[in-house]
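Participant: coordinates only, sequence not included:
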């Protein structure tokens, strides 16, 4: 792309857009959370599918808002590329959440609450990381190579994902909390803190749900660290990078339950994402060294082709969960 990093990072919309945008996002989150609380039964496959389609439709529709604001076909394509990559990365992240919930034996009724707190945290983290990442690139050109190295490493890590076992019990934050917090040995609905009656008085206790939340929050930081360089490698326009991330995050609760109910993992998506991350990392290196500037349309073709092939391959060869996630 011909624009400078500074121009690409500039927010090209009026300030009141961000106020309206975040109010709309807050309404969406409230509607989804309210629907979850109001539901007296576990989410069915049909319900989860409808919610996932709704959130995907919202994410796709917002691309048209980007086009209306910018009148730029290239930014529209970059928004959809970033959205698809972030949404696909979220799919793998949700399996880590499933491991955490399984490890701590979290009741199904409490999982949506923990998921949504994690989603709200993720929104805050993504905004901070994207803005900070763009600022660093503006100030220090060599940070492009750091982000490129991060992407290549993340791609390598994804390729080895089948060999890596996630153990929430080894999380240092979780271990510290278990050591210092007074914990009950039972859950109490969706409550994190309870007042437990003793023989002579009462004392404040934490339920295991607080430990689960800490595990989710710390993995949120790792996920943000992995995904933000990817979106920055696709576009350095803050408007596109940030909104595509938020659109991808919004539907995670429904996507989690859809994945849990369908009982299979898109096993080849991880390999496809690994290839995309390595490609984006190499693209940053080549651009930073002024060796080769890969055109946006070629990047879009590469991203969508790899993801399309990996998703089709995953649907053809469904992989059922194994005991390692118990």
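Facilitator: Now that the structure is in, tell me what you want to look at. Since the model is a prediction, treat every value here as computed from it, not as a measurement.
Participant: which regions of the stretch 101-250 of the chain sit below the pLDDT cut-off?
Facilitator: Regions of the stretch 101-250 of the chain meeting the criterion pLDDT under 70 cover residues 161-169, 198-199.
Participant: show me where it has its strands.
Facilitator: 193-197, 202-206 (DSSP state E, counting those that start in this stretch).
Participant: compare those strands and give me the one nearest residue 103.
Facilitator: Nearest of the strands of the stretch 101-250 of the chain to residue 103, taken as Cβ to Cβ: strand 202-206 at 17.2 Å. C-beta: built from backbone N, CA, C; applies to glycine.
Participant: relative to strand 193-197, how tilted is the closest one?
Facilitator: Per axes from the mean of the first three to the mean of the last three Cα atoms, to 10 degrees, the angle that strand 202-206 makes with strand 193-197 is 150 degrees.
Participant: buried residues, strand 202-206. List them.
Facilitator: Across strand 202-206, burial judged by 16 or more other Cβ atoms under 10 Å covers 205-206.
Participant: any idea how far that strand is from the chain center?
Facilitator: 34 Å (Cα atoms, centre = their mean, to the nearest Å).
Participant: for residue 289, find the nearest of the strands of the stretch 101-250 of the chain.
Facilitator: Closest to residue 289 of the strands of the stretch 101-250 of the chain, according to Cβ to Cβ: strand 202-206, at 51.2 Å.
Participant: give me the helices and strands touching the closest one, please.
Facilitator: With contacts taken as 3 or more Cβ pairs under 8 Å, 6 or more residues apart in numbering; DSSP states H and E, strand 202-206 sits against strand 193-197.
Participant: please tell me how far the residue of the chain positioned farthest from its centre sits from residue 106.
Facilitator: Ranking residues of the chain by C-alpha distance from their mean position (Cα atoms, centre = their mean) puts residue 200 at the top, at 46.6 Å. As for residue 200, its distance to residue 106 is 32 Å (criterion: Cβ to Cβ, to the nearest Å).
Participant: could you find the closest non-adjacent residue to residue 131?
Facilitator: Using Cβ to Cβ, 6 or more residues apart in numbering and skipping the chain neighbours, the partner closest in space to residue 131 is residue 238 (6.6 Å).
Participant: state the distance from that neighbour to residue 143.
Facilitator: Using Cβ to Cβ, one gets 16 Å for the distance from residue 238 to residue 143.
Participant: how about residue 299?
Facilitator: Residue 299 sits 20 Å away from residue 143 when distances are taken as Cβ to Cβ.
Participant: could you do residue 268 as well?
Facilitator: Distance check for residue 268 against residue 143: by Cβ to Cβ, it reads 32 Å.
Participant: again with residue 31
Facilitator: To residue 143, residue 31 is 38 Å away according to Cβ to Cβ.
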